[in-house]
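Q: quick one: sequence plus predicted model below, questions after.
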Amino acid sequence: MEKRQLGKTDMQVSVLGFGGAEIGFEDATQETVGRLLKGALDAGLNVIDTGECYEGSEELIGKTVADRRAGYYLFTKCGHPRGIGSEDWSPGSLLESIERSLRRLRTDRLDLIQLHSCSETILRKGDAIAALQTAREKGYARYLGYSGDSQAARYAAECGAFDTLQTSINIADQEAIDLTLPIAREKGLGVIAKRPIANVAWKESHKPIASYHHVYWDRLNKLRYEFIRNLPLEESIAHALRFTLSVPGVHTAIVGTTKPERWQENAKLVEGGMLSEAEVASIRERWEEIAPSSWIGQT
């Protein structure tokens, strides 16, 4: 699998990374996660990204692949110690969270610790950033990152405190391409694309039940990309993913699944490499024609 240098870090990351949210929120078994992650590592993946608030995700990763720790880069996030919906950006809470993540992941050091979608106001106060810097000084993490979107992500890219930026980039979420990525490239930040296949929100002919998919489903119904209308589902997914990886400055795209066989399928999706300039231009032009300024990045 193709690898790209993650900005100014020393990490050569696979263009596909594993996102750990689904295995936590969907109650995947340890056996399933073991087969999934070991198969992915065998296939060339070397990025595992999770978060302290993804329910049992960190524990599952630690239990199943801690013995292969030298074979992958390990990223996690902090700021929501009591789960999604909770927030605590105090330095003490953030450091406790990072220490807890290390125990759960059964490792003594993270490759990347990320502030998880805190506001621009929190970033500007500086205490949360200082807590991550303390974590790095203590040897808990090699690099520091911000995971989030829109104006907060822009400030994170500008402020000089971070080595990486994780932000939403896909066919239904392109604000970052103009707002944030030019700054990230200028600053030499590693860019991790989240939601790179727009949750495959177009796979259903009717509006999905899960509200998590609604924004992208609504946007895609207005964008009406030709490739979605004309290609079989798997080919359209591949086209969408390859678009994200064709955006200048993107180094890796985080994709989650609970299905062991899906990882090999995902790896095949990117075998065609980047889209042509004309294919990228077609998607960008459609976005610029249809998308209002209110279509901001989705956290």
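A: Okay, I see it.

Q: which stretches of the stretch 51-200 of the chain have low pLDDT?
A: Scanning the stretch 51-200 of the chain for pLDDT under 70 picks out no residues.

Q: how about the strands of it, start to end?
A: 73-78, 110-116, 141-147, 164-168, 190-194 (DSSP state E, counting those that start in this stretch).

Q: which other helices and strands contact the second one?
A: What it means is strand 110-116. For strand 110-116, the helices and strands in contact under the criterion 3 or more C-beta pairs under 8 Å, 6 or more residues apart in numbering; DSSP states H and E are strand 73-78, helix 91-105, helix 127-137, strand 141-147, strand 164-168. All C-beta spots, glycine's among them, are computed from the backbone N, C-alpha and C.

Q: which residues does it contact?
A: With C-beta atoms under 8 Å, 6 or more residues apart in numbering as the test, strand 110-116 has contacts from 11, 51-53, 73-80, 89, 98, 101-102, 122-123, 128-129, 132, 135-136, 140-148, 156, 163-164, 166.

Q: quick one: buried residues of that strand?
A: 110, 111, 112, 113, 114, 115, 116 (16 or more other C-beta atoms under 10 Å).

Q: any chance of those residues in TSV, plus distance to residue 264?
A: Converted to TSV, the buried residues of strand 110-116 look like this (distance: C-beta to C-beta, whole Å):
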residue	distance to residue 264
110	27
111	24
112	25
113	30
114	27
115	33
116	29
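
Q: spatially nearest residue to residue 60 (excluding sequence neighbours)?
A: The shortest distance from residue 60 to any non-neighbouring residue, by C-beta to C-beta, 6 or more residues apart in numbering, is to residue 33 (4.5 Å).

Q: quick check: the one you found vs residue 263, distance?
A: Distance, residue 33 to residue 263, by C-beta to C-beta, to the nearest Å: 11 Å.

Q: repeat that for residue 36.
A: 6 Å.

Q: shared neighbours, those two?
A: residue 257.

Q: returning to what we had before: which one of the helices and strands packed on strand 110-116 lies nearest to residue 297?
A: When those are compared for distance to residue 297 using C-beta to C-beta, the nearest one is strand 164-168, at 4.7 Å.

Q: on that earlier part again, to residue 220, which of the helices and strands packed on strand 110-116 lies closest?
A: Using C-beta to C-beta, these put strand 164-168 closest to residue 220, at 14.2 Å.

Q: let me see the residues that make contact with the closest one.
A: 6-7, 9, 49, 112, 114, 143-149, 153, 156-157, 176, 180, 184, 189-195, 254, 297-299.

Q: selecting buried members of those residues in PyMOL, what would you type?
A: Command for PyMOL that selects the buried part of these, burial taken from 16+ other C-beta under 10 Å:
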select buried, resi 6+7+9+49+112+114+143+144+145+146+147+148+149+153+156+157+176+180+184+189+190+191+192+193+194+195+254+297+298
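
Q: quick one on the thing from earlier: columns distance to residue 246 on top of the strands of the stretch 51-200 of the chain, output as a markdown table?
A: Output for the strands of the stretch 51-200 of the chain, formatted as a markdown table (distance: least, C-beta to C-beta, whole Å):
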| stretch | distance to residue 246 |
| --- | --- |
| strand 73-78 | 22 |
| strand 110-116 | 23 |
| strand 141-147 | 22 |
| strand 164-168 | 16 |
| strand 190-194 | 11 |
